[in-house]
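Peer 1: Below are the sequence and a predicted model; questions follow.
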Amino acid sequence: MKITNARVIVCSPGRNFVTLKIETDEGLTGIGDATLNGRELSVAAYLTEHVIPCLIGRDAHQIEDIWQYLYKGAYWRRGPVTMTAIAAVDTALWDIKAKAAGQPLYQLLGGKSRTGVMVYGHANGSDIEHTVDEVLRYADAGYKAIRAQSGVPGLEKVYGVGKGTLFYEPADADLPSEHDWSTEKYLRHTPKLFERIRDKLGFEHHLLHDVHHRLTPIEAGRLGKALEPFNLFWMEDATPAENQEAFRLIRQHTTTPLAVGEIFNSIWDCKELIENQLIDYVRATVVHAGGITHLRRIADLASLYQVRTGCHGATDLSPVCMGAALHFDLWVPNFGIQEYMRHTEETDAVFPHAYTFDQGMLYPGDVPGHGVEIDEVLAAKYPYKRAYLPVNRLQHDGTLWNW
Ligand SMILES: O=C(O)[C@@H](O)[C@@H](O)[C@H](O)[C@H](O)CO
Ligand SMILES: [Mg+2]
């Protein structure tokens, strides 16, 4: 089955998405997500200018060979732009292979390892009481796992806390907006938040929290220790992970489980974290970590060390990534949890999909392929709009910090 054509579709149904569509001489098509939030057009150009010309005429069934060809053939290995582009090709080819077999994608990976995919939703509130109400709302909606983020007294804008409650969108301006940060205020506030949530909710539900790279390792150790009585499922991105060894310091101070990896793009970003058992969950997902082919390698390495998966699933990952990730989640033996932030109705209409939510679980559906398509006519009605993620500055002196 030969690849006859491929093209990039950029659209913005409420937020920007980049999608690669591959066509074959047998009439089968496949799509892959290529969205890199705030840097979308770099991946679109990488695909159009440098990848698509190399795909035409190749056998769509040779997923592994094409992966190696694009990875080794670039010479400049790894990096978010390259790996997102490769992921889009890989996802589209798995979609085509599964459609050719007439099977849902999870069957080609090895079949179901579980009945459904446990997800966590996002409860965001402007203060503790508001966040508690949101957590209870998610529990009522059937979620078994809930991430809680709250505004911090004395800080104007905080990661994870949106204007509306259901749809949180941080890429909110055509030049980066500026947030302020105080580690001291955040560290005083966060244990109180979880104490109050457990008081009201009890201990039946999983609770998660995202630190969004803002603490030093020793501060992260302190927070993890303070949160131990509240039994978190995980503390996420406690410190930036460029230096993987930094997690050893956090580990030495707390038994709160650690998750990291939404910004990882290859197995090399987490090799030491996994081999030294410095984390419990690896958060890489299909779109930014080289597609199903490479994510499977990360998960296999992780499984040797009892590290489980927790795929990133924010709204800047398109429904195409979500669909593919759900097939991966249904199969992967060392599954932990899947993040699920709902897309807007506009986005769902542009990307009709087979996956469904019920009682805190997602199900990828059984249609051949990954089960997500793109309505190109509708997509054309939503042109690209530049949108950046914010930057963060320390409140007391304006030093640029991690957002
Ligand atoms: O855990 C998460 O979902 C995040 O940390 C994201 O919201 C992240 O900020 C965005 O994906 C950035 O594009
Ligand atoms: Mg995160």
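Peer 2: The structure has been received and is ready for your questions. Bear in mind that the values here come from a model prediction, so they are computed numbers and not experimental data. Ligands and ions are numbered 1, 2, ... in the order given.
Peer 1: what's whichever strand or helix holds residue 85 packed up against?
Peer 2: Secondary-structure element containing residue 85, defined by DSSP states H and E: helix 80-101. On a contact count with 3 or more C-beta pairs under 8 Å, 6 or more residues apart in numbering; DSSP states H and E, helix 80-101 meets strand 17-24, strand 29-33, helix 40-45, helix 63-73, helix 105-109, helix 291-303, helix 319-331. All C-beta spots, glycine's among them, are computed from the backbone N, C-alpha and C.
Peer 1: if you set the cut-off to 7 Å instead, what comes out?
Peer 2: Packing partners of helix 80-101 (3 or more C-beta pairs under 7 Å, 6 or more residues apart in numbering; DSSP states H and E): strand 17-24, strand 29-33, helix 40-45, helix 63-73, helix 105-109, helix 291-303.
Peer 1: Any part of stretch 82-89 near ligand 1?
Peer 2: No: no part of stretch 82-89 sits close enough to ligand 1 to count as contact by C-beta under 6 Å from any ligand atom; the gap is at least 12.0 Å.
Peer 1: Which residues does that stretch contact?
Peer 2: 20, 32-34, 36, 43, 46-47, 51, 55, 66-67, 70-71, 74, 76, 265-266, 286-291 (C-beta atoms under 7 Å, 6 or more residues apart in numbering).
Peer 1: If you go by neighbour count, which of those residues are buried?
Peer 2: 20, 32-34, 36, 43, 46-47, 51, 55, 66-67, 70-71, 74, 265-266, 286-291 (16 or more other C-beta atoms under 10 Å).
Peer 1: Distance of the closest residue to residue 102 other than its chain neighbours relative to ligand 2?
Peer 2: Spatial nearest neighbour of residue 102, excluding adjacent residues (C-beta to C-beta, 6 or more residues apart in numbering): residue 368 at 5.1 Å. Counting by C-beta to the ion, to the nearest Å, the gap from residue 368 to ligand 2 is 32 Å.
Peer 1: OK, contacts around the residue in the chain positioned nearest to ligand 2?
Peer 2: Distances between the chain and ligand 2 by C-beta to the ion are smallest at residue 210, namely 4.3 Å. Neighbouring residues of residue 210 by C-beta under 7 Å, 6+ apart: 147, 149, 160, 236, 237.
Peer 1: Close to ligand 1 as well: tell me which of these qualify.
Peer 2: Applying C-beta under 6 Å from any ligand atom to these, none is adjacent to ligand 1.
Peer 1: export the residues you listed to TSV and tack on distance to residue 306 and secondary structure?
Peer 2: Formatted as TSV, those follow (distance: C-beta to C-beta, whole Å; DSSP: H, G, I helix; E, B strand; the rest coil):
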residue	distance to residue 306	secondary structure
147	23	strand
149	28	strand
160	28	coil
236	18	strand
237	20	coil
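Peer 1: need those residues in CSV with pLDDT, can you?
Peer 2: As requested, those are arranged in CSV below (pLDDT from 0 to 100):
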residue, pLDDT
147, 98
149, 97
160, 84
236, 98
237, 98
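Peer 1: Drop anything exposed from those.
Peer 2: Counted by 16+ other C-beta under 10 Å, the contacts of residue 210 give 147, 149, 160, 236, 237 as buried.
Peer 1: pretty sure the second one is touching residue 157, no?
Peer 2: No: Residue 149 sits out of contact with residue 157 when judged by C-beta atoms under 7 Å, with a separation of 11.9 Å.
Peer 1: just curious, which of the buried ones among the contacts of residue 210 is nearest to residue 271?
Peer 2: Comparing those against residue 271 with C-beta to C-beta places residue 237 closest, at 18.0 Å.
Peer 1: OK, contacts around the nearest residue to that closest one once chain neighbours are set aside?
Peer 2: If the residues on either side of it in the chain are set aside, residue 237 comes closest to residue 213, at 4.9 Å by C-beta to C-beta, 6+ apart. Listed by C-beta under 7 Å, 6+ apart, the contact partners of residue 213 are 237, 239, 240, 402.
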